[in-house]
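Undergrad: Quick one, structure for this:
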Amino acid sequence: MTSTTKPLPLLVWGALGAAAAVIGLLPWLVTGGALPLQNLGVTPDQPPVLLPVSQYYLTSIVALLVVGAALAGLAARILGRRRPRFGGLLLIAGVLAVQIVAACQSLLTTRALLERSSRADVYLFLVGAVIAVSVLTGALVLCLIAFAPVPGATIGLSLVALVTASWVGVALRDILTFGPDPATTVALFVFRWLPAVLIGCAIAWCGFGTVGRVAAVVVSLAALWIGPAFFTAVSAAAGTRVLAPYPGEMAAYGVEVFRMALTNPEIVLPPIVLAAIIGVLGALLVPVLRRRRSGPPEGDASRATSADASRSTV
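TA: Next up is the predicted model:
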């Protein structure tokens, strides 16, 4: 066994998972990590937390947790030949350990500042449920990217692409809210098209060579259609404070926003078209680049060698 294929120690895989999870939290940590002001809080204190517990940060919570898990999946796929037995399990355990600690610290810190009431309990439970679902989704994305065949990995990459803009946006929240108009305009432009570009790149890597890969492309484009509409609806409904005492009306409002965002062609079609164009062009280009990188075919190489030898004897 050569040094390039020698398995890395198990502890290294656990550390890789933990490091990826921490990197996933970085956009929030670089802002200072101050707990957002709570509508049901009894004090204006904003102690540091590892996750932004707030109904206004639900999409950010998803992004912080899923991107960290996806980074671990990418590391595992790149280092696949150096993964020892149980290395994947240690990687997942490292991610989960950091994310569970972050969730518990953030929820317990928030609970200490909330009023003692049933509505505060419901609020904290719902945010905790979002965190739990995000952790599980991140674990699924990690497994798809790290261990699944190319079609499954493509779907995993496409899912994380949906929240990548939100992940970057966590660190730029103050700029987007209070920054100069030119910077805000550029950032919003990039955030609008970033998921489509990343999904297009994933499709290009996947290609269309088998039925499974074609199905993965269809699922990825469907995710680009449905995902942004879903996150828009959740953010709109959860961020409407006036509907907070009326969960039925809040849900109905979210469903209506989802329907409108899902069926507006001016919003839906351009990203899908861009991702499809990048995917098709990239799928045509990737084999060419691979052939160039691997050199001429064996038969051509042998003929070239024979020709060089004959010339040298003349």
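Undergrad: Helices of the stretch 201-314 of the chain, start to end?
TA: Using DSSP state H, counting those that start in this stretch, the helices assigned to the stretch 201-314 of the chain run over residues 211-238, 247-263, 265-294, 298-313.
Undergrad: Pick the most deeply packed of these.
TA: helix 211-238 (a mean of 18; mean count of other CB atoms under 10 Å). C-beta: built from backbone N, CA, C; applies to glycine.
Undergrad: Quick one: mean pLDDT over that helix.
TA: What helix 211-238 shows for mean pLDDT is 92.
Undergrad: related to what we said a few turns ago, dump the helices of the stretch 201-314 of the chain to TSV, plus distance to C201.
TA: Listed next are the helices of the stretch 201-314 of the chain as TSV, based on distance: least, CB to CB, whole Å:
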stretch	distance to C201
helix 211-238	11
helix 247-263	24
helix 265-294	6
helix 298-313	31
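Undergrad: Need the nearest residue in space to V30, chain neighbours excluded.
TA: Nearest residue to V30 in three dimensions, chain neighbours excluded: A171, at 5.4 Å (CB to CB, 6 or more residues apart in numbering).
Undergrad: Wait, the one you found touches G33, no?
TA: No: A171 sits out of contact with G33 when judged by CB atoms under 8 Å, with a separation of 11.4 Å.
Undergrad: ok, back up a step: quick check: which of the helices of the stretch 201-314 of the chain is nearest to A148?
TA: helix 211-238 (9.7 Å; CB to CB).
Undergrad: The closest one: how far from the chain's middle?
TA: A distance of 13 Å separates the centroid of the chain from that of helix 211-238, by CA atoms, centre = their mean, to the nearest Å.
Undergrad: That one to helix 265-294, inter-axis angle?
TA: Helix 211-238 runs at 140 degrees relative to helix 265-294, counting by axes from the mean of the first three to the mean of the last three CA atoms, to 10 degrees.
Undergrad: what residue ranges in the stretch 1-150 of the chain score low on pLDDT?
TA: Scanning the stretch 1-150 of the chain for pLDDT under 70 picks out the ranges 1-4.
Undergrad: Show the residue spans covered by the helices in it.
TA: 10-29, 58-78, 87-111, 118-147, 150-171.
Undergrad: With distance to D45 added, can I get the ones you listed in JSON lines?
TA: Formatted as JSON lines, the helices of the stretch 1-150 of the chain follow (distance: least, CB to CB, whole Å):
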{"stretch": "helix 10-29", "distance to D45": "18"}
{"stretch": "helix 58-78", "distance to D45": "21"}
{"stretch": "helix 87-111", "distance to D45": "10"}
{"stretch": "helix 118-147", "distance to D45": "16"}
{"stretch": "helix 150-171", "distance to D45": "21"}
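Undergrad: and these, which is most packed in?
TA: Mean neighbour count (mean count of other CB under 10 Å) peaks for helix 58-78 among these, with a mean of 24.
Undergrad: Excluding chain neighbours, what is closest to A19?
TA: Leaving out its chain neighbours, A19 is closest to G94 (CB to CB, 6+ apart), at 7.7 Å.
Undergrad: ok, now D45?
TA: Among residues not flanking D45 along the chain, L113 sits closest, at 6.1 Å (CB to CB, 6+ apart).
Undergrad: Check V268 too.
TA: Nearest residue to V268, sequence neighbours excluded (CB to CB, 6+ apart): W225, at 5.8 Å.
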